[in-house]
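structure for the following, please:
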Amino acid sequence: MAVSTRRKPGVRGHERSADRSARPGSGAPEPDLRRALAVAMELMAIPGRSGEEAEVAQYVVDRLRAAGIPQTCIQFDQAHRRSPLGGSVGSLVCKLPGTQRGPRRLLMAHLDTVPLCVGARPVLRGRMVRSGNKQSGLGADDRAGVAAVLCAALEMAERQLPHPPVTFFWPVQEEVGLFG
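Okay, the predicted model is just below:
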């Protein structure tokens, strides 16, 4: 399986300036697409099949903390203790209070991959990310999602973007029955 990095029509990012200023007329700041790709590739390289997501979760926590998100906003639940599989860690939850009024929003992506993806070595070839290990899958399900949710949290925190209350949720053990 490969993941395309090709731009969609009307989506800027690869050609944007270093200041990541707003698109003309939109008022919306540009996301850091290069960072998002790098984070996705780093995450795909971390082993983390169902029940063994601790290293992936720690990567996410480290990035959240480095962006200035307080430890008090970050917690793990006990989902792994209720799962027949057991596991090394529960689901990761990061709750940020809003900087503006509005209903709480939820962004989520599961941390685990299938066993075939252990040993993935993501390689960027042209505009495609592929596994450099022919014996493993890429792990883009759902490490690309984990990267997207994480990068949204990083952008909000680092750039102090206005937002309603938001919960970032990274459940465990999705691949084996939605136990997280």
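
gap between stretch 111-129 and the chain center?
Put simply, stretch 111-129 sits 14 Å off its chain's centre (CA atoms, centre = their mean, to the nearest Å).

meant to ask about stretch 173-180, not that
Remark: stretch 173-180 is offset 17 Å from the chain centroid, using CA atoms, centre = their mean.

which strands and helices lie in contact with the longest helix seen in the chain?
Of all the segments of type helix in the chain, defined by DSSP state H, the longest one is helix 140-158. If you count contacts as 3 or more CB pairs under 8 Å, 6 or more residues apart in numbering; DSSP states H and E, helix 140-158 packs onto helix 33-44, helix 54-66, strand 92-96, strand 105-108, strand 166-170. C-beta here means a position set from N, CA and C on the backbone, and glycine is covered the same way.

how about these in TSV, adding mean neighbour count, distance to Ala120 and mean pLDDT?
What follows is the helices and strands packed on helix 140-158, written out as TSV (neighbours: other CB atoms under 10 Å; distance: least, CB to CB, whole Å; pLDDT from 0 to 100):
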stretch	mean neighbour count	distance to Ala120	mean pLDDT
helix 33-44	19	5	95
helix 54-66	17	12	98
strand 92-96	20	21	98
strand 105-108	15	22	98
strand 166-170	20	18	98
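
for the ones you listed, give me TSV that also has distance to Leu150.
As requested, the helices and strands packed on helix 140-158 are arranged in TSV below (distance: least, CB to CB, whole Å):
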stretch	distance to Leu150
helix 33-44	6
helix 54-66	6
strand 92-96	9
strand 105-108	9
strand 166-170	8
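
out of the ones you listed, which is closest to Cys151?
Each of these has some distance to Cys151 by CB to CB; the shortest is helix 33-44, at 4.6 Å.
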